[in-house]
Structures are given as structure tokens and as C-alpha cells.
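Asks: I need the structure of the sequence given here:
(one chain, ligands or ions: 1)
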Amino acid sequence: MNRTRYVRTLLGVFVGVLVLLLTSGGNRAMAHKEKHLLFHGDGATEKKLGVTLSKTGMACAMCHPFGSDNHPYEFPKFQEQINKFATLRDMINWCIEKPNEGVKIDPDGDAMKALETYIYWSNKGSKLDPGRH
Ligand code: HEC
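Replies: Below you'll find the predicted structure:
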């Protein structure tokens, strides 16, 4: 391999890695922003992710400021409202369907992960207390 070709190959790899780093950084920043936007009822973010979290005009944060009463550190636990042993994701969907009158979301989708992230993030430092009734 001659020298120019070697330099070109090296440059190509460098640019490739740079693009990869930049785009993954973008996704990370977006996920970080989305968790706040969704929890606070931003319509544009809901539309972008294809979800309807509420039809009452109430955002999660209005009833759960800073993730209060979400108790992520207690799950999984038995939940009377749905009469089953539930995960945090089950209860996020319960809240979307019942008090919010919205449309249940994909438990593995981006919107669920963003809401879950906000709830854990806003309760960080709490002691684990699983199974609490
Ligand atoms: C109109 C008020 C209201 C809104 C808006 C609301 N919630 Fe709730 N949420 C409640 C009530 C009431 C409960 C039941 C509290 C209980 O059983 O102790 C609850 C319970 C929960 C729980 C279960 C907590 C536990 O320990 O049992 C989660 C998780 C939750 N909500 C997430 C959300 C998310 C995410 C949103 C937004 C998509 C949301 N809520 C919007 C009122 C609301």
C-alpha cells in the first residue's frame, strides 16, 4: 500500500468514527430532553413519538411534580387498581389509560423508556424498597 492510500484509509476511518460519535451523542441528548418534555406534556414530542398520553389536558407532572408519588423504588409490587403484581411500566400505562384517558403505549417503546427514565431520574438517591404494599 502506498503512503497516500494509507493516509486516505486512515482519514476515512477517522471520519467514520467521528460521524458515529456525533450521531450517538445526538441520540443521547435527545433521549435526555424527551424524558422532560413527555413528562411535562409537550404535544410536539408526543406527536413525534406517536403517542397520546392524555386526553384531559393534564400532564404527568401536574399530578406528580418531580416524579412524586411514582415510587419507582417500590416496584415490582402488588397493585390493587389492576389486581396484579405490577411493574413500573404497568402503572405508567394504568395512569395513561385511567386518570389521563389517553392511549396505552408500547411497554418497550421509546416513549415508555423516556417516561421511565424521568421517573427514576427524579427519584434518584431513594432506597430500594421492592414489593411494598
Ligand atoms: C390527574 C392526575 C394524574 C395524572 C395527570 C397522572 N397521574 Fe399517575 N397517578 C395518579 C393517581 C391518583 C395515582 C394512584 C396513586 C396511588 O394509588 O397511590 C397515580 C399513580 C401512578 C403511578 C404508580 C405509583 C405507585 O406507587 O403506585 C405511576 C408510575 C404513575 N402514576 C405515572 C404517571 C405518568 C407516567 C403519568 C403521565 C403519563 C401520570 N402518572 C399522570 C394521578 C395522576
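Asks: Next up, the contacts around the closest residue to residue 104 other than its chain neighbours.
Replies: Residue nearest to residue 104 in three dimensions, not counting chain neighbours: residue 93, with 4.9 Å by CB to CB, 6 or more residues apart in numbering. Heads up, the C-betas are built off the backbone N, CA and C, glycines and all. Listed by CB atoms under 8 Å, 6 or more residues apart in numbering, the contact set of residue 93 reads 104, 105, 107, 112.
Asks: Next, residue 93: secondary structure please.
Replies: helix (DSSP: H, G, I helix; E, B strand; the rest coil).
Asks: measure the residue nearest the centre of the chain to residue 34 for me?
Replies: For the chain, the residue sitting closest to the mean C-alpha position, by CA atoms, centre = their mean, is residue 114 at 1.0 Å. To residue 34, residue 114 is 4 Å away according to CB to CB, to the nearest Å.
Asks: now swap in residue 78 and tell me
Replies: Applying CB to CB to residue 78 and residue 34 gives a distance of 31 Å.
Asks: count of residues packed around residue 85?
Replies: 12 (other CB atoms under 10 Å).
Asks: again but with residue 83, I slipped
Replies: 8.
Asks: which ones are touching it?
Replies: Residue 83 neighbours (CB under 8 Å, 6+ apart): none.
Asks: Name the secondary structure element that contains the residue nearest to the centre of the chain.
Replies: helix 110-122 (DSSP states H and E).
Asks: can I get the CA coordinates of that helix in PDB?
Replies: As requested, C-alpha coordinates have been extracted for helix 110-122 and formatted as PDB (Å, rounded to 0.1, in the frame of the first residue of the first chain):
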ATOM      1  CA  ASP A 110     -39.200   5.000  23.200                       C
ATOM      2  CA  ALA A 111     -42.000   6.900  24.900                       C
ATOM      3  CA  MET A 112     -42.200   4.400  27.800                       C
ATOM      4  CA  LYS A 113     -38.400   4.400  28.200                       C
ATOM      5  CA  ALA A 114     -38.400   8.200  28.300                       C
ATOM      6  CA  LEU A 115     -41.200   8.300  31.000                       C
ATOM      7  CA  GLU A 116     -39.500   5.600  33.000                       C
ATOM      8  CA  THR A 117     -36.100   7.500  32.800                       C
ATOM      9  CA  TYR A 118     -37.700  10.700  34.000                       C
ATOM     10  CA  ILE A 119     -39.400   8.800  37.000                       C
ATOM     11  CA  TYR A 120     -36.100   7.100  38.000                       C
ATOM     12  CA  TRP A 121     -34.100  10.200  37.400                       C
ATOM     13  CA  SER A 122     -36.300  12.400  39.600                       C
END
